[in-house]
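Undergrad: any chance you can model this:
(one chain, ligands or ions: 2)
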Amino acid sequence: MQVAILGAGAIAYGNAALLCRDGHDVALWSPSGRRTATLAAGAPLVATGAVVGRFQPRVAASCADALAGAEAVVVAVPGYGHRPVLDAAAPFLRSEQVVVFSSHMSLAALYLASLLHKRGVATPIAALGTTVTTGRQTAPDAVTVSSVRARLDVAVLPDSAAKRGIEVCRALFGDRFVARDGLLAIALSNLNPQNHLAIALCNLTRMELGEAWGQNRHITPAVARLIETLDAERLAIAAAFGLTVRTIHEHFHLSFDVPMGPLAEMTHALAQRPTDVNGPTTLDSRYVTEDVPFGLVPTIRLAALAGVPVPLHESGVRLMSALYGRDFAAENDILPRLGPLSREMLGAPG
Ligand SMILES: NC(=O)C1=CN([C@@H]2O[C@H](COP(=O)(O)OP(=O)(O)OC[C@H]3O[C@@H](n4cnc5c(N)ncnc54)[C@H](OP(=O)(O)O)[C@@H]3O)[C@@H](O)[C@H]2O)C=CC1
Ligand SMILES: CC(C)(CO)C(=O)C(=O)O
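TA: Ligands and ions are numbered 1, 2, ... in the order given. Below is the predicted model of the structure:
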């Protein structure tokens, strides 16, 4: 299948490697053009880890070029890149294509749907609860893929396009998708915001001082307790909407193939592996600059809609805003475009 990947970071490169390995024809687009300069000059994309090989994805000169022949379009940029990337893509998307958000943040699928609606275009939008691959971009032409997740949730907008959207996800990435009804389950299934809040908050000086630290080793029993308590708030929101979503333990089990147990035991097991990732080495990390405004802030909005108190989520936004001297709640540039959230627009049951 001809696939355009909008983005040129860890997930874009990891997905590109997986898709090229499996015989798809991939075009990458870097919004600034900087990240793909080496590949555009002819270097192969070198993948190591869970996907191994040297691949030759095409490099598109513009978003329009990337989309031109594509049957599927994967959006693989952090939440703070969604609005500019979707604004760039929306004028060129066609109804016969399928857009896949890997991963979906901050109800951005609704924002894209509204842009397409204005043009009278009905491109199916598949929102993934998390990414197919995990990993890090290690050089302009290299990626280490830490894992290819065994199972992940997907919801498709509009409902009537669910079959097609999921078929395309499976054609691209294999049989690993669990179909969910409605975007709300997906919005409550991205666990990065809660995990990364606890990880970053409890290791912030390590980040600020540029230390090298193993991420899972530093999910100590106390940090794991904080993650589990944040997780309980997320699960309570889902329950108030009548939804069941994966627990943090199920997420780790399905993402990283580690036996179920208390989170501290799971992260301890992961810390023993040679593939354990390092935590961020700068304050300028998406663990905060993406996950607070585009993860915690929308979750708090959903909690308000459900009438569920989420004091730890709220404290997280306030603490991080104070630590960074920024107003993270004001940095979300998607939510104001959506207007007041309603159960109906989220496809909430009942
Ligand atoms: N890496 C991982 O293992 C995991 C990642 N995720 C999620 O997947 C998504 C992608 O993550 P990842 O690939 O690691 O992130 P990266 O930081 O590696 O993504 C970099 C890409 O995003 C683009 N980008 C960054 N800021 C902007 C902006 N303001 N406007 C437009 N484009 C921008 C960059 O553009 P340019 O090319 O111009 O530099 C680049 O193409 C995120 O939502 C992340 O939370 C979720 C789970 C695991
Ligand atoms: C490293 C990993 C897989 C866990 O925090 C991740 O979620 C990320 O990089 O965003």
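
Undergrad: near ligand 2, which residues of the stretch 101-250 of the chain?
TA: Residues of the stretch 101-250 of the chain that fall close to ligand 2, judged by CB under 6 Å from any ligand atom: 134, 192, 195. No exception for glycine: its C-beta is placed from N, CA and C like everyone else's.

Undergrad: can we see that at 8 Å?
TA: Taking CB under 8 Å from any ligand atom as the test, the list of the stretch 101-250 of the chain residues beside ligand 2 reads 130, 131, 134, 135, 136, 146, 147, 192, 195, 196, 199, 215.

Undergrad: which of the residues you listed are buried?
TA: Buried members of these, counted by 16 or more other CB atoms under 10 Å: 130, 131, 134, 135, 136, 146, 147, 192, 195, 196, 199, 215.

Undergrad: so what's the nearest residue to residue 214 once chain neighbours are set aside up against?
TA: Spatial nearest neighbour of residue 214, excluding adjacent residues (CB to CB, 6 or more residues apart in numbering): residue 276 at 5.0 Å. Residues near residue 276 by CB atoms under 8 Å, 6 or more residues apart in numbering: 214, 215, 216, 217, 270.

Undergrad: try residue 92
TA: Listed by CB under 8 Å, 6+ apart, the contact partners of residue 92 are 63, 64, 67, 68.

Undergrad: before we move on, the earlier item: out of the contacts of residue 276, who's nearest ligand 2?
TA: Distance to ligand 2, by CB to the nearest ligand atom, is smallest for residue 215 among these, at 6.1 Å.

Undergrad: go ahead and confirm the closest one touches residue 279.
TA: Yes: under the criterion of CB atoms under 8 Å, residue 215 lies in contact with residue 279, with a separation of 4.2 Å.

Undergrad: need the residues touching each of these two.
TA: Both residue 215 and residue 279 are in contact with residue 199, where contact means CB under 8 Å, 6+ apart.

Undergrad: picking up where we left off before, mind listing which of the buried ones among the residues of the stretch 101-250 of the chain next to ligand 2 are in strands?
TA: Members of those lying in strands (criterion: DSSP state E): 134, 135, 136, 146, 147.

Undergrad: can you add distance to residue 237 and pLDDT and give those back as JSON lines?
TA: Listed next are those as JSON lines, based on distance: CB to CB, whole Å; pLDDT from 0 to 100:
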{"residue": "134", "distance to residue 237": "25", "pLDDT": "95"}
{"residue": "135", "distance to residue 237": "29", "pLDDT": "95"}
{"residue": "136", "distance to residue 237": "31", "pLDDT": "96"}
{"residue": "146", "distance to residue 237": "29", "pLDDT": "93"}
{"residue": "147", "distance to residue 237": "27", "pLDDT": "92"}
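
Undergrad: report pLDDT for the closest residue to ligand 1 within the chain.
TA: As assessed by CB to the nearest ligand atom, ligand 1 sits closest to residue 9 within the chain, at 2.1 Å. With respect to pLDDT, residue 9 has a value of 98.

Undergrad: what number of residues lie near it?
TA: By the measure other CB atoms under 10 Å, the count of residues near residue 9 is 18.

Undergrad: report how many residues lie close to the nearest residue to it once chain neighbours are set aside.
TA: Taking CB to CB, 6+ apart as the measure, residue 9 lies nearest to residue 137, with 5.4 Å between them; neighbours along the chain are not counted. Counted with other CB under 10 Å, residues neighbouring residue 137 total 17.

Undergrad: residues touching residue 137, list them.
TA: For residue 137, the residues meeting the contact criterion (CB under 8 Å, 6+ apart) are 9, 10, 13, 35, 143.

Undergrad: PyMOL command for the buried members of the residues you listed?
TA: Filtering these down to the buried ones (16+ other CB under 10 Å) takes a single PyMOL command:
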select buried, resi 9+10+13+35+143
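
Undergrad: export the contacts of residue 137 as JSON lines, with columns for secondary structure and distance to residue 233.
TA: Converted to JSON lines, the contacts of residue 137 look like this (DSSP: H, G, I helix; E, B strand; the rest coil; distance: CB to CB, whole Å):
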{"residue": "9", "secondary structure": "coil", "distance to residue 233": "29"}
{"residue": "10", "secondary structure": "helix", "distance to residue 233": "28"}
{"residue": "13", "secondary structure": "helix", "distance to residue 233": "33"}
{"residue": "35", "secondary structure": "coil", "distance to residue 233": "36"}
{"residue": "143", "secondary structure": "strand", "distance to residue 233": "34"}
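
Undergrad: between the contacts of residue 137, which is closest to ligand 2?
TA: The shortest separation between ligand 2 and any of the contacts of residue 137 is 7.3 Å, and it belongs to residue 10 (by CB to the nearest ligand atom).

Undergrad: ok, now which ones touch that closest one?
TA: Residue 10 sits next to 134, 135, 136, 137, 143 when contact means CB under 8 Å, 6+ apart.

Undergrad: need the max-distance pair from those residues.
TA: Greatest spacing in those, by CB to CB: 134 and 137 (11.9 Å).
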